[in-house]
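Visitor: I need the structure of the sequence given here:
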Amino acid sequence: MTRNRSQPRFLFLGTSTSVGVPVIGCSCRVCHSDHAHDNRSRSSIFFEGSWGRLLIDSGPDLRQQALREQLTAVDAVLYTHEHLDHVAGFDELRAFCWRRDSPLPLYGSPETLAGLARMYPWAFSVADHQAGYVHPEPREVEGPFDFNGLKITPIEVQHGWVRTHGFRFDHPSIGSLAYLPDVKAIPEQSLELLQGLDYFVVDALRHEEHHTHMTVAEALDTIDLIKPNQSYLTHLSHELAWEETNRSLPPQVSLAYDGLALTF
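Guide: Presented below is the predicted three-dimensional model:
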(Lines give C-alpha, C1' and ligand atoms only; values in the text may rest on other atoms or scores of the structure.)
Protein backbone atom coordinates (compact mmCIF):
# COMPACT_ATOMS: atom_id res chain seq x y z
CA MET A 1 0.00 0.00 0.00
CA THR A 2 1.42 3.38 -1.06
CA ARG A 3 1.62 6.03 1.65
CA ASN A 4 -0.07 9.39 1.20
CA ARG A 5 2.99 11.61 1.63
CA SER A 6 0.84 14.63 2.44
CA GLN A 7 -0.16 12.89 5.71
CA PRO A 8 2.41 14.08 8.27
CA ARG A 9 4.68 11.46 9.76
CA PHE A 10 7.52 11.96 12.27
CA LEU A 11 9.52 8.74 12.01
CA PHE A 12 12.27 7.78 14.47
CA LEU A 13 14.95 6.22 12.27
CA GLY A 14 17.25 5.77 15.27
CA THR A 15 17.06 6.45 19.01
CA SER A 16 20.44 5.49 20.47
CA THR A 17 23.43 7.38 21.75
CA SER A 18 26.68 7.53 19.79
CA VAL A 19 27.78 3.88 20.21
CA GLY A 20 24.45 2.27 19.37
CA VAL A 21 22.74 -0.57 21.22
CA PRO A 22 23.89 -3.31 21.50
CA VAL A 23 27.35 -1.94 22.24
CA ILE A 24 30.34 -3.73 20.74
CA GLY A 25 31.84 -6.14 23.28
CA CYS A 26 29.22 -5.50 25.97
CA SER A 27 27.62 -8.37 27.88
CA CYS A 28 24.98 -6.37 29.78
CA ARG A 29 21.36 -7.51 29.84
CA VAL A 30 20.16 -4.74 27.51
CA CYS A 31 22.81 -5.49 24.89
CA HIS A 32 21.71 -9.14 25.02
CA SER A 33 17.99 -8.38 25.24
CA ASP A 34 15.62 -10.01 22.78
CA HIS A 35 13.17 -7.08 23.08
CA ALA A 36 12.99 -5.34 19.71
CA HIS A 37 13.05 -1.86 21.24
CA ASP A 38 16.37 -2.54 22.99
CA ASN A 39 18.05 -2.71 19.57
CA ARG A 40 18.81 0.94 18.73
CA SER A 41 20.61 2.65 15.89
CA ARG A 42 22.09 6.14 16.02
CA SER A 43 19.61 9.00 16.41
CA SER A 44 17.97 10.40 13.29
CA ILE A 45 14.50 11.43 12.10
CA PHE A 46 12.55 11.32 8.82
CA PHE A 47 9.83 13.97 8.85
CA GLU A 48 7.39 14.14 5.95
CA GLY A 49 4.20 15.97 5.14
CA SER A 50 2.78 18.46 2.67
CA TRP A 51 6.11 20.34 2.93
CA GLY A 52 8.07 17.38 1.54
CA ARG A 53 10.54 14.88 3.00
CA LEU A 54 12.98 16.18 5.59
CA LEU A 55 15.84 14.14 7.07
CA ILE A 56 17.17 15.30 10.44
CA ASP A 57 20.85 14.30 10.70
CA SER A 58 22.66 11.67 8.64
CA GLY A 59 24.17 9.31 11.19
CA PRO A 60 26.40 6.28 10.57
CA ASP A 61 23.39 3.92 10.37
CA LEU A 62 21.57 5.86 7.63
CA ARG A 63 21.90 3.15 4.99
CA GLN A 64 20.36 0.44 7.18
CA GLN A 65 17.68 2.84 8.45
CA ALA A 66 16.67 3.88 4.93
CA LEU A 67 16.48 0.27 3.76
CA ARG A 68 14.48 -0.77 6.84
CA GLU A 69 11.94 2.01 6.35
CA GLN A 70 11.96 1.87 2.53
CA LEU A 71 12.98 5.49 2.15
CA THR A 72 13.57 6.41 -1.48
CA ALA A 73 13.75 10.21 -1.52
CA VAL A 74 14.77 13.13 0.68
CA ASP A 75 14.09 16.78 -0.19
CA ALA A 76 16.47 18.34 2.35
CA VAL A 77 18.63 17.51 5.38
CA LEU A 78 18.51 19.45 8.64
CA TYR A 79 21.54 19.11 10.94
CA THR A 80 21.58 19.53 14.72
CA HIS A 81 25.39 19.64 15.01
CA GLU A 82 28.57 18.14 13.59
CA HIS A 83 29.30 15.27 16.01
CA LEU A 84 30.10 12.09 14.09
CA ASP A 85 27.10 10.12 15.30
CA HIS A 86 24.93 12.73 13.55
CA VAL A 87 26.88 13.23 10.31
CA ALA A 88 28.96 10.09 9.58
CA GLY A 89 26.39 8.73 7.12
CA PHE A 90 26.87 11.78 4.88
CA ASP A 91 28.12 9.72 1.93
CA GLU A 92 24.87 7.70 1.95
CA LEU A 93 23.07 10.88 0.87
CA ARG A 94 24.29 10.23 -2.67
CA ALA A 95 21.47 7.66 -3.02
CA PHE A 96 19.05 10.56 -2.54
CA CYS A 97 20.91 12.70 -5.11
CA TRP A 98 20.85 10.23 -8.02
CA ARG A 99 17.27 11.08 -8.97
CA ARG A 100 17.57 14.82 -8.34
CA ASP A 101 18.19 17.45 -11.00
CA SER A 102 19.06 20.06 -8.38
CA PRO A 103 21.49 20.06 -5.40
CA LEU A 104 20.30 18.64 -2.07
CA PRO A 105 19.69 21.46 0.44
CA LEU A 106 21.56 21.03 3.74
CA TYR A 107 20.38 23.24 6.60
CA GLY A 108 22.50 23.86 9.68
CA SER A 109 24.39 26.42 11.71
CA PRO A 110 27.41 28.04 10.01
CA GLU A 111 29.68 25.99 12.29
CA THR A 112 27.95 22.72 11.40
CA LEU A 113 28.07 23.36 7.67
CA ALA A 114 31.74 24.39 7.92
CA GLY A 115 32.42 21.16 9.81
CA LEU A 116 30.75 19.11 7.08
CA ALA A 117 32.82 20.90 4.44
CA ARG A 118 36.03 20.05 6.34
CA MET A 119 35.03 16.40 6.71
CA TYR A 120 33.73 15.94 3.16
CA PRO A 121 35.61 18.49 1.00
CA TRP A 122 35.03 16.49 -2.20
CA ALA A 123 31.28 17.08 -1.91
CA PHE A 124 31.52 20.82 -1.31
CA SER A 125 34.18 21.54 -3.94
CA VAL A 126 32.63 22.86 -7.16
CA ALA A 127 35.80 21.98 -9.07
CA ASP A 128 35.75 18.38 -7.82
CA HIS A 129 32.02 17.74 -8.24
CA GLN A 130 31.17 14.49 -10.02
CA ALA A 131 27.83 13.12 -11.14
CA GLY A 132 26.53 10.30 -8.93
CA TYR A 133 27.95 11.69 -5.69
CA VAL A 134 26.51 13.96 -3.01
CA HIS A 135 25.77 17.37 -4.49
CA PRO A 136 24.91 19.60 -1.50
CA GLU A 137 23.53 23.09 -1.32
CA PRO A 138 24.48 24.48 2.13
CA ARG A 139 21.92 26.82 3.69
CA GLU A 140 22.93 28.53 6.92
CA VAL A 141 20.35 28.65 9.72
CA GLU A 142 20.53 31.42 12.30
CA GLY A 143 16.84 31.96 13.02
CA PRO A 144 13.33 30.72 12.15
CA PHE A 145 12.72 29.91 8.50
CA ASP A 146 10.00 28.52 6.25
CA PHE A 147 10.40 25.10 4.62
CA ASN A 148 7.57 24.81 2.12
CA GLY A 149 5.02 25.94 4.69
CA LEU A 150 6.62 24.21 7.69
CA LYS A 151 7.94 26.77 10.17
CA ILE A 152 11.29 25.63 11.58
CA THR A 153 12.79 27.40 14.60
CA PRO A 154 16.34 26.51 15.73
CA ILE A 155 16.63 26.00 19.50
CA GLU A 156 20.18 26.52 20.74
CA VAL A 157 21.08 24.18 23.61
CA GLN A 158 24.11 23.27 25.72
CA HIS A 159 25.78 20.00 24.68
CA GLY A 160 29.53 19.64 25.15
CA TRP A 161 31.76 22.12 23.35
CA VAL A 162 30.08 22.12 19.94
CA ARG A 163 27.33 24.63 19.17
CA THR A 164 24.24 22.46 19.03
CA HIS A 165 20.62 23.01 18.07
CA GLY A 166 17.34 21.29 18.47
CA PHE A 167 14.40 22.41 16.34
CA ARG A 168 10.79 23.40 16.80
CA PHE A 169 8.35 22.62 13.98
CA ASP A 170 5.00 24.36 13.55
CA HIS A 171 2.34 23.57 10.96
CA PRO A 172 -1.48 23.52 11.02
CA SER A 173 -1.50 19.78 10.28
CA ILE A 174 0.72 18.83 13.25
CA GLY A 175 0.42 21.63 15.77
CA SER A 176 3.84 22.12 17.34
CA LEU A 177 6.66 19.64 17.87
CA ALA A 178 10.21 20.10 19.18
CA TYR A 179 13.15 17.73 18.74
CA LEU A 180 16.19 18.10 21.06
CA PRO A 181 18.28 14.90 20.72
CA ASP A 182 21.56 16.15 22.24
CA VAL A 183 21.20 18.44 25.22
CA LYS A 184 22.49 18.87 28.75
CA ALA A 185 20.87 22.21 29.57
CA ILE A 186 18.47 24.60 27.86
CA PRO A 187 19.22 28.34 28.17
CA GLU A 188 16.39 30.58 29.36
CA GLN A 189 15.91 32.21 25.96
CA SER A 190 15.58 28.77 24.37
CA LEU A 191 13.06 27.64 26.99
CA GLU A 192 10.86 30.53 25.90
CA LEU A 193 10.81 29.08 22.37
CA LEU A 194 9.51 25.74 23.71
CA GLN A 195 6.27 27.00 25.22
CA GLY A 196 2.93 25.68 24.03
CA LEU A 197 4.22 22.42 22.53
CA ASP A 198 1.98 19.56 21.51
CA TYR A 199 4.91 17.10 21.22
CA PHE A 200 8.37 17.22 22.77
CA VAL A 201 11.24 14.84 21.98
CA VAL A 202 14.27 15.18 24.24
CA ASP A 203 17.59 13.56 25.11
CA ALA A 204 17.56 11.17 28.11
CA LEU A 205 20.80 9.21 28.00
CA ARG A 206 20.61 7.20 31.24
CA HIS A 207 19.86 7.51 34.97
CA GLU A 208 23.45 8.25 36.01
CA GLU A 209 24.79 11.80 35.69
CA HIS A 210 26.53 12.71 32.43
CA HIS A 211 28.37 15.93 31.58
CA THR A 212 26.92 16.44 28.05
CA HIS A 213 23.54 14.68 28.09
CA MET A 214 20.39 14.89 30.19
CA THR A 215 19.59 12.05 32.53
CA VAL A 216 16.07 10.61 32.60
CA ALA A 217 15.35 12.67 35.73
CA GLU A 218 16.64 15.87 34.09
CA ALA A 219 14.53 15.21 31.01
CA LEU A 220 11.44 14.70 33.19
CA ASP A 221 12.17 17.92 35.09
CA THR A 222 12.40 19.75 31.75
CA ILE A 223 9.11 18.22 30.64
CA ASP A 224 7.49 19.38 33.88
CA LEU A 225 8.80 22.87 33.18
CA ILE A 226 7.65 23.05 29.55
CA LYS A 227 4.41 21.06 29.99
CA PRO A 228 3.94 19.66 26.45
CA ASN A 229 0.93 17.46 25.76
CA GLN A 230 3.06 14.40 24.95
CA SER A 231 6.79 13.69 25.28
CA TYR A 232 9.23 11.09 23.99
CA LEU A 233 12.73 10.35 25.29
CA THR A 234 15.50 9.58 22.80
CA HIS A 235 19.30 9.27 22.44
CA LEU A 236 19.10 6.30 24.80
CA SER A 237 22.08 4.32 26.12
CA HIS A 238 22.32 0.59 26.83
CA GLU A 239 21.76 1.41 30.50
CA LEU A 240 18.04 1.86 29.83
CA ALA A 241 15.96 -1.26 29.26
CA TRP A 242 13.02 -0.14 27.13
CA GLU A 243 10.16 -2.06 28.76
CA GLU A 244 11.32 -1.59 32.35
CA THR A 245 12.09 2.12 31.94
CA ASN A 246 8.89 2.81 30.05
CA ARG A 247 6.80 1.37 32.91
CA SER A 248 8.38 3.87 35.32
CA LEU A 249 7.50 6.98 33.28
CA PRO A 250 4.49 9.28 33.69
CA PRO A 251 1.51 8.55 31.41
CA GLN A 252 2.29 11.41 29.03
CA VAL A 253 5.96 10.37 28.59
CA SER A 254 7.33 7.39 26.63
CA LEU A 255 10.69 6.08 25.49
CA ALA A 256 11.00 6.35 21.73
CA TYR A 257 12.21 3.39 19.70
CA ASP A 258 13.56 2.75 16.21
CA GLY A 259 10.69 2.69 13.75
CA LEU A 260 8.22 4.58 15.98
CA ALA A 261 6.09 6.82 13.77
CA LEU A 262 4.08 9.74 15.11
CA THR A 263 1.18 10.43 12.77
CA PHE A 264 -1.12 13.41 12.94
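Visitor: show me where the stretch 51-200 of the chain has its helices.
Guide: Per DSSP state H, counting those that start in this stretch, the stretch 51-200 of the chain carries helices over the ranges 62-69, 84-87, 110-119, 121-124, 188-192.
Visitor: can I get the ones you listed in CSV with mean neighbour count and distance to residue 212?
Guide: To be clear about C-beta, it is placed using only N, CA and C from the backbone, and glycine gets the same treatment. As requested, these are arranged in CSV below (neighbours: other Cβ atoms under 10 Å; distance: least, Cβ to Cβ, whole Å):
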stretch, mean neighbour count, distance to residue 212
helix 62-69, 18, 23
helix 84-87, 21, 12
helix 110-119, 17, 17
helix 121-124, 16, 28
helix 188-192, 12, 16
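Visitor: mind putting those in TSV, distance to residue 156 included?
Guide: Below are the helices of the stretch 51-200 of the chain laid out as TSV (distance: least, Cβ to Cβ, whole Å):
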stretch	distance to residue 156
helix 62-69	25
helix 84-87	16
helix 110-119	11
helix 121-124	24
helix 188-192	6
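Visitor: and those: which comes nearest residue 99?
Guide: The closest of the helices of the stretch 51-200 of the chain to residue 99 is helix 62-69. By Cβ to Cβ, the value is 13.7 Å.
Visitor: on contacts alone, who are the packing partners of that closest one?
Guide: Applying 3 or more Cβ pairs under 8 Å, 6 or more residues apart in numbering; DSSP states H and E, we find helix 62-69 packed against strand 9-14, strand 44-49.
Visitor: quick one: residue 208 and residue 218, what's the gap?
Guide: Here the distance between residue 208 and residue 218 works out to 11 Å (Cβ to Cβ, to the nearest Å).
Visitor: which of these two has more neighbours?
Guide: residue 218 (19 against 9; other Cβ atoms under 10 Å).
Visitor: mind listing the residues bridging to the closest residue to residue 71 other than its chain neighbours?
Guide: Spatially, and ignoring its direct neighbours in sequence, residue 71 is nearest to residue 46 (6.1 Å; Cβ to Cβ, 6 or more residues apart in numbering). In this entry, residue 46 is beta-bridged to residue 11, residue 55, by DSSP bridges.
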